[in-house]
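A.B. asks: Give me coordinates for this.
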Amino acid sequence: MFYGVLGAAVGLVVGAGLASVVFLVILRSPERRGDDQAVPPNPSPHARLPTEEVLDYLEGKPIPPVDNLDGGKAGTVIRRGGVKQLTWESAISREGSKLETHHFALLYDAGDTHYFAEIAIDVRQVGEKRAYLGAQMSNVRKVGKIVDTGPK
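C.D. replies: Here you go, the predicted structure:
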């Protein structure tokens, strides 16, 4: 009988302790405090940017002319229909900075000319919004042939 009463008392104390912890967690949550500065956590660092979002951002951006090749068309701008492949490759951020630079590889069909370019896009998460701060193309080259190597 003594052990039964002791077990019940221990169970009651442990149960009350767990309930108190849960209550404090709920009480301290940003939603309960009315903290308008609280925001949901940012996506995991270096998460891939949504392809559709990136395509929307790149629409109308100029492709720099290819300096060392004849036939590079000056004034070519990216149109969604000309993008043959856009592949996310990596992302980096500097320590202490919330700015991320995402690196992409682009294959683009400009009609009579195909291009390859490496694109670095700077983004910054601001609360629940993502700001696209700039894009820089490098290693722009004229492509002789594009071959589909995907599953058949």
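
A.B. asks: Apart from its chain neighbours, what residue comes closest to Q85?
C.D. replies: In this structure, Q85 finds its nearest non-sequential neighbour in L107, 4.2 Å apart by Cβ to Cβ, 6 or more residues apart in numbering. Heads up, the C-betas are built off the backbone N, CA and C, glycines and all.

A.B. asks: So the one you found is in contact with H114, correct?
C.D. replies: Yes: shown here, L107 and H114 form a contact pair, counting by Cβ atoms under 8 Å, at 6.9 Å.

A.B. asks: Determine the residues that are contacts of both of those two.
C.D. replies: 84, 143, 146 (Cβ atoms under 8 Å, 6 or more residues apart in numbering).

A.B. asks: Surely the second one and A110 touch.
C.D. replies: No: taking contacts as Cβ under 8 Å, V143 lies outside contact range of A110: 10.2 Å.

A.B. asks: Assumed A91 was part of a strand.
C.D. replies: Yes: assessed with DSSP: H, G, I helix; E, B strand; the rest coil, A91 lies in a strand.

A.B. asks: hmm, back to that, next, count neighbours for the residue nearest to Q85.
C.D. replies: By the criterion of other Cβ atoms under 10 Å, L107 has 16 neighbours.

A.B. asks: Before I go, just wanted to say thanks for your time.
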